[in-house]
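Student: Quick one, structure for this:
(chains A and B)
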There are 2 protein chains.
Amino acid sequence: MQLDDMILVSVDDHVCEPPDLFEHAVPAKWKDRAPRLLEKTDGSHVWYFDGAQVPNVGLNAVAGRPPDEYGMEPTSLSQLRRGCYDIDARIDDMNANGVLGSLCFASMCGFTGELFSNCEDHELGHVMAMAYNDWHVEAWCGAHPGRFIPLALPMLWDPQKTADEIRRMAKKGCHAITFPDTPTGLGYPSIHDPHWDPIWQACDEEGTIVCIHIGSGTGMNLQDPSAPVEIMITGTPVTLFNCANEIVFSKFIHKYPNLKIALSEGGTGWVPYFLERADYVHKHHHRWTQNDFGGKLPSDVFREHIVTCFIDDAVGVRTRDLIGIENITWECDYPHSDATWPSSPETLWRTLDGVPDADIDKMTHLNAMKHFRYDPFAHLDKDECRVGALRAKAGHVDVTPKSVQGGKKPSDYENGYCTIGDIMKQMAGAYATAFEDGQGIDPAEAQKQMMERMAKQAQARR
Amino acid sequence: MQLDDMILVSVDDHVCEPPDLFEHAVPAKWKDRAPRLLEKTDGSHVWYFDGAQVPNVGLNAVAGRPPDEYGMEPTSLSQLRRGCYDIDARIDDMNANGVLGSLCFASMCGFTGELFSNCEDHELGHVMAMAYNDWHVEAWCGAHPGRFIPLALPMLWDPQKTADEIRRMAKKGCHAITFPDTPTGLGYPSIHDPHWDPIWQACDEEGTIVCIHIGSGTGMNLQDPSAPVEIMITGTPVTLFNCANEIVFSKFIHKYPNLKIALSEGGTGWVPYFLERADYVHKHHHRWTQNDFGGKLPSDVFREHIVTCFIDDAVGVRTRDLIGIENITWECDYPHSDATWPSSPETLWRTLDGVPDADIDKMTHLNAMKHFRYDPFAHLDKDECRVGALRAKAGHVDVTPKSVQGGKKPSDYENGYCTIGDIMKQMAGAYATAFEDGQGIDPAEAQKQMMERMAKQAQARR
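Tutor: Here you go, the predicted structure:
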């Protein structure tokens, strides 16, 4: 196989929602309560919903910028590459990167739709989450058949409503739903609580995969605000070690033989250690803990139920026999700063030296197709789906980095380099500019609340 | 090489302190304020010190029990194998397991001497910590020259006093000191704070290695009390991923070229993933973070400064070229429940199939000798230090499991199996029996306090 022959399906990308999202999808009687995109005095955009402003227009969506302009601050549409929010431009960017298929997580409402789950008026939240899901499946994924794996938001406050939504979405061809890695991190019962059974059961019956993204429950890896920000970035994917740990030793997993759980952006290279450690603990301790896991080893449970993915992970590729070659998928992470766009094929190819074609095919697309029930070849000619063929269609796409005067200078940082605290301030700062009309939340109070919330998150990492 | 030819040095074991520890080592004027071992009405032992009772006589020190009797509850000397606290019996147990050398962490005062650091009267804490260190070096390690790597306690409340102690102990031939993985977990400044510079500097100058044990700052991996306890056990070693992460991106590490940090009981198999991830983050993000790490990659910093160890880790052995063959050591963890005693050589040997002798020697003893400045062959004939030769001296040692009527029955657990909550209760229960004379802490209040402390620890995992 040559680089151009690969077929790439990315199971973790992100959409920055377009301003007109809720114009079409929301029933008329709810229209005036739908989220609206507003521009503030400094030119930044925020979503305004249910009395709160949400500055997550394109947090960390830095694709297309020069690397020295990366940052957390993209907060207006003009700072974003068009492919972040425009479906046709997204297809261009996928083609330019040789990527056939993509699963896109939400931005403005949180990975698991917290913006809607947190509504005091649950009916309002329910209507908006369903509208979002309809838009995502029909307008976003539906615009280019065969190019997207649709992904629904849950109704986290109500497992039964989520189960109903899983079934409603399955009828529309959507067989993936998001869920937080640690629901307690969002104030809900533990993942071990039978409270969640309706969700697992609906997924088991409908063949819907549960997609658990880093940061969705545990939050970001914030600890010492004075420390270099690299610590936060390095440590975030492996927070899903804990999630895998909870699942392989759980009791509920044995009740749902078809249930699949994807650890989104969790990486793969730590998995061989995890499986060896979990099996050691089981063998070494089960005689006193009296725990019976149905005669299975934790590694058996993992391989039956858990799907991993990686951006760039030579260790995971080298140890794929220990992970399970059926359990590895690939991701691009467009348009976030960890993404390999627009040179994903080259980055990936470096780690595939000496890997048999059959294993490459499984990791690049066959496993994703199987576990996410995605069949691009029902819509597209297979040879047109390869890296070389897709890139041949993207001659008009300019992938050279474009300055947006973004990012920070060393002098913007108190220490001359970026700390975790600097990133916390950038995020909080998005709340601290006034609306045109002076309405909305008091900026200083908003920043204070945000900093307090992040400091709390830094402490309570569960 | 054959199994019997290996030379095994364990860099992570534990001592359960003998009752007479403080009788000899404490200056006369402080004798009546020294910790005393007391027996309670139920036959359990607690250390009584500075108005508090400490039930950590042999927490989890289950060596020699049948596996179905493992548990957290060993709380009297009679429940412990003699090798836990008796130095000659310890040597017998080491010989029976073919182990030449051992580094022993403290039990009764916490891994980093918190019992003494927490004294309101710092002079009292200082005297007792120094007495402990003197006992450890002279009475425990000194009883059998060449068999132990001495390890000192720090004076955590005062970095300068710790630096002085590092120098005092170095004069006695002790070149290792403990430190918590996350000092903020114990209420001290962050590991990035210059506050700690005197400690790093003293270690750098004296060639003293800093030993960071799992659970020393972050605490145990307590989360959902309703979940199987295997989750807590599986996830605890990898908590040191975070510590390695903090160190390789720290600023202080570059100031101390000789500083070595051992991640005790942290395992090794996750390291290749960690190094690849850290280097990726550095290369991918440094242009916007403006962080300069002295022209080094995080993996360079790791290999220069960090020493890992493993109990049983086939993945780490297989990927040793990615970790750094100079950075891997081995441990037994006697007498804790994760230990491989008395069949450590057999367990280890299984993972060494196909490994060149030179690599085996580095991982089993040469790296430990180098990084911990330990020279057993100054005292002992090298061929007498091998597994076969040591075991030949232990013909009289009975290693068959002995019931102590310990552990729990399934019916002792609310769910029929052991949860994290059950372990929390067992630990708290140790506080809940009355003293003979009815004095001491109110048992119910003590248990309540302990449960609250653990619940807080479960939440604030930093």
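Student: So stretch A:62-79, near chain B or not?
Tutor: Yes - Stretch A:62-79 lies within reach of chain B by CB under 8 Å from any CB of the partner chain, at A:66, A:67, A:68, A:69, A:70, A:71. From N, CA and C alone the C-beta is placed, and that goes for glycine too.
Student: So which bits of that stretch are buried?
Tutor: A:62-66, A:68-77, A:79 (16 or more other CB atoms under 10 Å in any protein chain shown).
Student: Restrict it to CA atoms and write it as PDB.
Tutor: Provided in PDB are the C-alpha atoms of stretch A:62-79 (Å, rounded to 0.1, in the frame of the first residue of the first chain):
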ATOM      1  CA  VAL A  62      -7.200  27.000  15.200                       C
ATOM      2  CA  ALA A  63      -6.900  24.900  12.000                       C
ATOM      3  CA  GLY A  64      -5.300  27.000   9.300                       C
ATOM      4  CA  ARG A  65      -3.400  29.400  11.600                       C
ATOM      5  CA  PRO A  66       0.300  29.600  11.800                       C
ATOM      6  CA  PRO A  67       1.400  27.500  14.800                       C
ATOM      7  CA  ASP A  68       2.600  30.600  16.700                       C
ATOM      8  CA  GLU A  69      -1.000  31.900  16.600                       C
ATOM      9  CA  TYR A  70      -2.600  28.900  18.200                       C
ATOM     10  CA  GLY A  71      -4.500  29.600  21.400                       C
ATOM     11  CA  MET A  72      -7.800  29.100  23.200                       C
ATOM     12  CA  GLU A  73      -9.200  32.500  22.100                       C
ATOM     13  CA  PRO A  74     -10.900  32.000  18.800                       C
ATOM     14  CA  THR A  75     -14.200  33.600  19.800                       C
ATOM     15  CA  SER A  76     -15.500  35.200  16.600                       C
ATOM     16  CA  LEU A  77     -16.400  33.600  13.300                       C
ATOM     17  CA  SER A  78     -13.900  35.800  11.500                       C
ATOM     18  CA  GLN A  79     -11.100  34.100  13.500                       C
END
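Student: now the strands for chain A?
Tutor: For chain A, the strands defined by DSSP state E cover A:8-14, A:36-39, A:45-49, A:52-54, A:99-105, A:148-149, A:176-178, A:209-213, A:261-264, A:306-310, A:328-330.
Student: Considering these, which stretch scores lowest in mean pLDDT?
Tutor: Among these, strand A:52-54 carries the lowest mean pLDDT, a mean of 80.
Student: and that one, what other elements does it pack with?
Tutor: The elements that strand A:52-54 packs onto, with contact taken as 3 or more CB pairs under 8 Å, 6 or more residues apart in numbering or on different chains; DSSP states H and E, are strand A:45-49.
Student: Could you give the separation of the strand it packs on from the chain centroid?
Tutor: On the basis of CA atoms, centre = their mean, to the nearest Å, strand A:45-49 sits 21 Å off its chain's mean C-alpha point.
Student: could you say what helices and strands it packs with?
Tutor: Secondary structure elements in contact with strand A:45-49, counted by 3+ CB pairs under 8 Å, 6+ apart, are strand A:36-39, strand A:52-54.
Student: let's see it at 10 Å
Tutor: Counting contacts by 3 or more CB pairs under 10 Å, 6 or more residues apart in numbering or on different chains; DSSP states H and E, strand A:45-49 is packed against helix A:21-25, strand A:36-39, strand A:52-54, helix A:114-117, helix A:122-134.
Student: can you put these in CSV and add distance to residue A:8?
Tutor: Below are the helices and strands packed on strand A:45-49 laid out as CSV (distance: least, CB to CB, whole Å):
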stretch, distance to residue A:8
helix A:21-25, 27
strand A:36-39, 32
strand A:52-54, 32
helix A:114-117, 30
helix A:122-134, 26
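Student: correct me, but residue A:212 touches residue A:176?
Tutor: No - Residue A:212 lies out of contact with residue A:176 (CB atoms under 10 Å); the separation is 11.0 Å.
Student: Contacts only, for residue A:240.
Tutor: Residues in contact with residue A:240, defined by CB atoms under 10 Å, 6 or more residues apart in numbering or on different chains, are A:181-182, A:212-216, A:218, A:247, A:263-267, A:270-271, A:274, A:306, A:308.
Student: Tell me the confidence at it?
Tutor: The per-residue pLDDT reported for residue A:240 equals 95.
Student: now it, nearest residue through space, not along the chain?
Tutor: Excluding the flanking residues, the one nearest residue A:240 by CB to CB, 6 or more residues apart in numbering or on different chains is residue A:266, at 3.4 Å.
Student: Cheers, nothing more for now.
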